[in-house]
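Visitor: Next one to model:
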Amino acid sequence: MTIWSRAYPLLTVTALFWAGNSIVGRAARDLVPPAALSFWRWTFALALLLPLAWPHLRRDWPVLRANAAIVILLGALAIGAFNTMLYTGLQSTTALNSMLIQSALPALVLIVGALVMGDDTSVRQVAGVLISLAGVLAIIARGDPAMLWGLRLNIGDAIIGAAVLLWALYSVLLRRRPAVHPLSFLAASIIVGIVVIAPVYAHELWSGRRIVLGMGSALAIGYVSIFPSFLAYLFFNRGVELIGSAATGQYMNVMPLMGAGLAMLFLGERLHPFHIIGLALIVVGILVAGRPEPAAPA
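Guide: Sure, this is the predicted structure:
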């Protein structure tokens, strides 16, 4: 049996690649500005994807065009907004904070689903959401409630929190995606995302922020283009084919824990007591709420 037929090794590698996205975004913050990293990431990923996606894209084009509004919205949220905001937040906060904030995604999906789609929620689920959000606030405030009351938040944490909220919205709206091949949908989403990122990148260039040419910046762009973009999406889609979306969504909750470990290993970031308290609250909240199933972030 090849690895292509084994879901959990594929999904473990996928989680590792996506966790590495935050690590590279943080490590390369002085070499590649956030909009540049996001723009070139998806431009190169699209170039790698198109040879595989093109036959499906041509066949599915009428359906995609008929559902242009939802395709544009989903592409703008997942590809355009989330990644650019993630890299922007990593300019001023740690990768460890970023990964732990992202671990609250299942609870946020639950509450966004209730608000946007009218999903039924129980008292137990609401309690789980509140516990998880308390964990996020503990991490953002770095264990000091006075930071919340005094609005002295780290801007990077706030941006990443907003990005995760947008991904939760994407996860909820994803149920309205058109019934096309996954590669067609991914290619269309990337094209929309690149169009959304382009003016932000142009403004970044106009303000004088440019890529520092060198091996470090090339490796950073190469990593995020190939591993968390092209390969991770192929592996994730294959995992869904093998074990279904429910099991896949639950298994991908290991990604923030992997990312936290990578941040400590490669970036030398320290685990503080407020990280442990916040993570414990997030995990307890997810368990209490019943562990809803978000799409995994890219």
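
Visitor: which stretch of helix or strand covers residue 93?
Guide: Residue 93 is part of no helix or strand, with elements assigned from DSSP states H and E.

Visitor: hang on, isn't it packed against residue 161?
Guide: No: taking contact to mean Cβ atoms under 8 Å, the distance of 10.0 Å between residue 93 and residue 161 leaves them out of contact. Quick note: C-beta positions are derived from backbone N, CA and C, even for glycine.

Visitor: In the stretch 151-298 of the chain, where is pLDDT below threshold?
Guide: Judged by pLDDT under 70, the stretch 151-298 of the chain has its weakly predicted residues at 151-153, 245-250, 252-253, 286, 289-298.

Visitor: which residues do residue 93 and residue 161 both contact?
Guide: By the contact definition Cβ atoms under 8 Å, 6 or more residues apart in numbering, residue 93 and residue 161 are jointly contacted by no residue.

Visitor: For the helix or strand containing residue 22, which residues meet the burial criterion?
Guide: Here residue 22, judged by DSSP H and E, is contained in helix 7-27. Neighbour-count burial for helix 7-27 flags 7, 10-27 (criterion: 16 or more other Cβ atoms under 10 Å).

Visitor: I'd like the next helix or strand past the host helix or strand of residue 87.
Guide: Residue 87 is part of helix 83-89, with elements assigned from DSSP H and E. Downstream of helix 83-89, the first helix or strand assigned by DSSP H and E is helix 95-102.

Visitor: Figure out how far that next one is from the centre of its chain.
Guide: Averaged C-alpha coordinates place helix 95-102 at 11 Å from its chain's average position (Cα atoms, centre = their mean, to the nearest Å).

Visitor: helices or strands up against the next helix or strand after it?
Guide: Next along the chain after helix 95-102, taking DSSP H and E as the criterion, comes helix 105-117. Secondary structure elements in contact with helix 105-117, counted by 3 or more Cβ pairs under 8 Å, 6 or more residues apart in numbering; DSSP states H and E, are helix 123-140, helix 155-173, helix 273-289.

Visitor: Return the most buried member of those helices.
Guide: Each of the helices and strands packed on helix 105-117 was given a mean neighbour count from mean count of other Cβ atoms under 10 Å, and the largest, a mean of 21, is that of helix 155-173.

Visitor: Can you work out which other helices and strands pack against it?
Guide: Helix 155-173 packs on helix 68-75, helix 83-89, helix 95-102, helix 105-117, helix 123-140, going by 3+ Cβ pairs under 8 Å, 6+ apart.

Visitor: out of those helices, which comes closest to residue 184?
Guide: Of all the helices and strands packed on helix 155-173, it is helix 68-75 that lies closest to residue 184, at 9.9 Å by Cβ to Cβ.

Visitor: any residues touching that closest one, and which ones?
Guide: Counting by Cβ under 8 Å, 6+ apart, 64, 170, 173-174, 176-178, 185, 188-193, 196 sit against helix 68-75.

Visitor: same question, stretch 41-56
Guide: Contact with stretch 41-56 is made by 57, 79, 83, 180-181, 183-184, 186-187, 190-191, 193-194, 197, 221-222, 224-226, 229-230, 233, as judged by Cβ under 8 Å, 6+ apart.

Visitor: Alpha carbons of the helix holding residue 87, in CSV - could you do that?
Guide: Listed in CSV are the C-alpha atoms of helix 83-89, where the atom choice follows Å, rounded to 0.1, in the frame of the first residue of the first chain:
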residue,chain,number,x,y,z
ASN,A,83,-3.1,34.6,4.1
THR,A,84,-2.3,38.3,3.7
MET,A,85,-3.6,39.1,7.2
LEU,A,86,-1.8,36.1,8.7
TYR,A,87,1.6,37.2,7.3
THR,A,88,0.8,40.8,8.3
GLY,A,89,0.1,39.7,11.9
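
Visitor: Compute the mean per-residue pLDDT across it, please.
Guide: When pLDDT is averaged along helix 83-89, the result is 95.

Visitor: Give the other helices and strands that it contacts.
Guide: Using 3+ Cβ pairs under 8 Å, 6+ apart as the contact criterion, the secondary-structure elements in contact with helix 83-89 are helix 7-27, helix 34-66, helix 155-173, helix 182-206.

Visitor: Measure how the last one sits relative to helix 155-173, angle-wise.
Guide: If I follow you right, that is helix 182-206. Relative orientation of helix 182-206 and helix 155-173, computed by axes from the mean of the first three to the mean of the last three Cα atoms, to 10 degrees: 150 degrees.

Visitor: cool, the first one as well?
Guide: Using the same axes, to 10 degrees, the inter-axis angle of helix 7-27 relative to helix 155-173 is 150 degrees.
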